[in-house]
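Enquirer: My questions are about this predicted structure, shown below with the sequence.
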Amino acid sequence: MSKIIDGRRIAEDLKKKLHKLAQHLEKEKGVKPGLAALRVGEDPASQLYVQMKGLQAKELGYHFEEHVFPSWVPPEDLAAKIQELNESPRIHGMILQLPLPSTLDKFHFLSLIDPSKDVDGLHPLNAGKLFQGLGGGFIPCTPLGCLSLIESVCDQLAGLNATIVGCSLLVGKPMALLLLQKKCTVSIAHSKTQDLPALCRSADILVVAIGKPGFVKGEWIREGAVVIDVGINRLPTGEIIGDVDFKTAQERAGAITPVPGGVGPMTVAFLLRNTLQSAYQHAGQHFPL
Ligand code: NAP
């Protein structure tokens, strides 16, 4: 049986450190970290995610504000709000909750966010810094959280084979780049990949982010591999499960993340980490994490 990687505990440990650092910044510089979320439309999952982010931000003593727009919002109104938040001294981190309605071009709106407040790391400048292997930019929170979970069970990543299933802007692509920086040999799979089971079996580290419940089977997993399941899928019964068939995978993996309680809490914790980093940087302070 594999080790279950407890994302909730690791995220709580990180948030305790963030709480202390946020208090320190407020005491020393009078700066309260500020996070703003922009949400367009009434997607229930997006509502829930933003609510969770807000609650946890407030628990750590951050200022949090949510700006909600109807799905028919005129593009210039959304752009004007982004500009207002770019200029607001209270706000250090801004997120545009995805997905946007199909009438709005996410790349256009992401590119309007001040890169120094782009705590989701999706502005082309931050994505480009990650691509070039330059430090100093923001890296998307989910892959950062996944890397931290992998490192919690794996001392030495260099030379390991990593397979990333899914190549989205938010998860798969930045995850592949982060593992490449760690000198893993990285394969990226997508919907047209041939013989996915064989590619998964070649992996010492398998990260799955496709949004298909229980898609990756236990027999696709190499004995002893580290398996990170990013998927969040709600079944008609209301149960939340990942993209990996947890029961069969657990019998072969060396370590595996559960859903819920694996990657999800880490995504929020790293969003709060990036926001605090931004607040430190805007205050001209060294961020120690
Ligand atoms: P996405 O943008 O829809 O991308 C899905 C990716 O999966 C695409 O690259 C797609 O390939 C690939 N794919 C689809 N079917 C496949 C198949 N049969 N075989 C191989 N690859 C396949 O999704 P996302 O935003 O990355 O999210 C993925 C999942 O992670 C969702 O369940 C989402 O809810 C979850 N998620 C969780 C967190 C968290 O904090 N835990 C954060 C973000 C996302 P193509 O490019 O070829 O279409």
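Expert: Everything's here; your move. Numbering: from 1, shown residues only.
Enquirer: now what about the longest helix along the chain, what contacts it?
Expert: Ordering each helix of the chain by length in residues (DSSP state H) puts helix 7-29 first. Helix 7-29 is contacted by residues 31-33, 56, 59-62, 145, 148-149, 152, 257-258, 261-266, 268-270, 272-273, 276, 279-280, 283, 285, 287-289 when judged by C-beta atoms under 8 Å, 6 or more residues apart in numbering. Bear in mind the C-beta positions are built from the backbone N, C-alpha and C, glycine included.
Enquirer: Go again with 6 Å.
Expert: 31-33, 60-61, 149, 152, 257, 261-263, 265-266, 269, 272-273, 276, 283 (C-beta atoms under 6 Å, 6 or more residues apart in numbering).
Enquirer: do the same with stretch 157-175
Expert: Here stretch 157-175 has contacts from 130, 140, 142-143, 146, 176, 179, 182-190, 199-200, 202-210, 230, using C-beta under 6 Å, 6+ apart.
Enquirer: how about the residues of the stretch 151-289 of the chain near the ligand?
Expert: 165-168, 170-172, 189-193, 196, 209-212, 230-233, 263-264, 267 (C-beta under 6 Å from any ligand atom).
Enquirer: If we use 8 Å, what do you get?
Expert: Counting by C-beta under 8 Å from any ligand atom, the stretch 151-289 of the chain comes close to the ligand at 165-172, 189-193, 196, 209-212, 215, 230-233, 242-243, 259, 262-264, 266-268.
Enquirer: sorry, back to before: if you go by neighbour count, which of the contacts of helix 7-29 are buried?
Expert: 31, 33, 60, 149, 152, 257, 261-263, 265-266, 269, 272-273, 276 (16 or more other C-beta atoms under 10 Å).
Enquirer: picking up where we left off before, could you tell me which of the contacts of stretch 157-175 belong to helices?
Expert: Using DSSP H, these in helices are 130, 142-143, 146, 176, 179, 199-200.
Enquirer: Give the buried subset of those as a PyMOL selection command.
Expert: To isolate the buried members of these in PyMOL, using 16+ other C-beta under 10 Å:
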select buried, resi 130+142+143+146+176+179+199+200
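Enquirer: roughly how far out does the helix or strand harbouring Lys173 sit from the chain middle?
Expert: In this assignment (DSSP states H and E), Lys173 forms part of helix 172-181. Remark: helix 172-181 is offset 12 Å from the chain centroid, using C-alpha atoms, centre = their mean, to the nearest Å.
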